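**Student:** missing the sequence, but the structure's below:
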């Protein structure tokens, strides 16, 4: 049924993810991997497509870890870490790096994770203030977190939005 639907609707990314789940249930990792790689190859970048691709990258990371293809796992997880800083993703990253034997990158990744966790305290507090419409305090906390972890894209966007919408500082907002 899924194959027939995809034949008629070849760009419905959610059904590629569904097909990959069917293959996983059938126990065919190779076919699941093929479908997931096909899925992430689509050049659609809307919000829903990005969420679906995120799930595909995560599952590919799991497959590569399970089949002991650690270099491929590292590549998938590094992509995943750009937008998903979940602790389980970091754990997969550490496991992959240790199996590859790249001690220098592993040490750097652990340091990066520690910095992110310290900054997250400020990010979370900033988010709480933003929800209470206390934009000055939110901005202060976001910036403190960005001093520790400046590469957090979502927080940079949040700061830019606050500067643009509530301060009307368009040139500063553009920088974020």
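**Tutor:** That came through fine. Just so we're clear, the structure is a prediction, and the values are computed from it rather than from any experiment. Residues are numbered from 1 along each chain as shown.
**Student:** and residue 34, how many residues sit next to it?
**Tutor:** By the criterion of other C-beta atoms under 10 Å, residue 34 has 14 neighbours. For glycine as for every other residue, the C-beta is placed from the backbone atoms N, C-alpha and C.
**Student:** and it, how far is that from residue 67?
**Tutor:** Per C-beta to C-beta, to the nearest Å, residue 34 is found 13 Å from residue 67.
**Student:** just give me the neighbour total for residue 63.
**Tutor:** Residue 63: 20 surrounding residues under other C-beta under 10 Å.
**Student:** that one reaches residue 35, doesn't it?
**Tutor:** No. Using C-beta atoms under 8 Å as the test, residue 63 is too far from residue 35 to be in contact (11.0 Å).
**Student:** overlap in contacts, those two.
**Tutor:** Counting by C-beta atoms under 8 Å, 6 or more residues apart in numbering, residue 63 and residue 35 have no common neighbour.
**Student:** all helices for the protein, in order.
**Tutor:** Applying DSSP state H to the chain gives helices spanning 2-8, 13-26, 29-40, 47-66, 70-81, 87-100, 103-131, 135-148, 153-162, 170-175.
**Student:** report all helices and strands that the longest one contacts.
**Tutor:** What that stands for is helix 103-131. Here helix 103-131 touches helix 87-100, helix 135-148, helix 153-162, going by 3 or more C-beta pairs under 8 Å, 6 or more residues apart in numbering; DSSP states H and E.
**Student:** of these, which shows the lowest average pLDDT?
**Tutor:** Mean pLDDT across the helices and strands packed on helix 103-131 is lowest at helix 153-162; the value there is a mean of 87.
**Student:** good, wrapping up.
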